[in-house]
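Asker: got a sequence here, can you model it:
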Amino acid sequence: MNDRTLRGFIIMMTHYQCGRCTNCCNWPGEVIVSDIETTAMAKELGLSANEFTEKYTKLREQRRGLTLKNNQNVSRVLLKDRSCLVHSTKPKQCKDFPNNWRFKGWRQICDATPKKIIN
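Answerer: I've put the predicted structure just below:
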């Protein structure tokens, strides 16, 4: 579509505002992290990239990169007392939820507030 096609139409989308309930951090699955993300999170925690990688990440299945470790109760290892230890440098996968990707059943556990956006 080009601008001419959209002229005269109002496009409404829903954006979810995170309420930091941390329920998504307690959902099973992988949080894939890049080298840039591990370096940023390490710096926020006052660790070297190697120290952070050893303490908080593990090799993904089929050895295809790194993922954050989970605690025994499935929560992410960086979640402490319902607060993310690296909130300001959290991985893109975390930042993008639930607006750019979602898992089945996400709405039953996510407290994000829907906001209508008009383009």
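Asker: residue ranges with poor pLDDT in the protein?
Answerer: Judged against pLDDT under 70, the low-scoring parts of the chain cover residues 1-10, 119.
Asker: let me see the ranges of the helices in it.
Answerer: 3-6, 35-45, 49-56, 92-96, 106-109 (DSSP state H).
Asker: pick the most buried one from the ones you listed.
Answerer: helix 35-45 (a mean of 17; mean count of other Cβ atoms under 10 Å). From N, CA and C alone the C-beta is placed, and that goes for glycine too.
Asker: now do that one: which elements does it pack against?
Answerer: Using 3 or more Cβ pairs under 8 Å, 6 or more residues apart in numbering; DSSP states H and E as the contact test, the elements touching helix 35-45 are helix 49-56.
Asker: and the helix it packs on, how far out from the chain middle?
Answerer: Centroid separation between helix 49-56 and its chain, computed with Cα atoms, centre = their mean, to the nearest Å, is 19 Å.
Asker: residues contacting that helix, please?
Answerer: Here helix 49-56 makes contact (Cβ atoms under 8 Å, 6 or more residues apart in numbering) with 35, 38-39, 41-42, 45, 47, 66, 68-69, 77-78.
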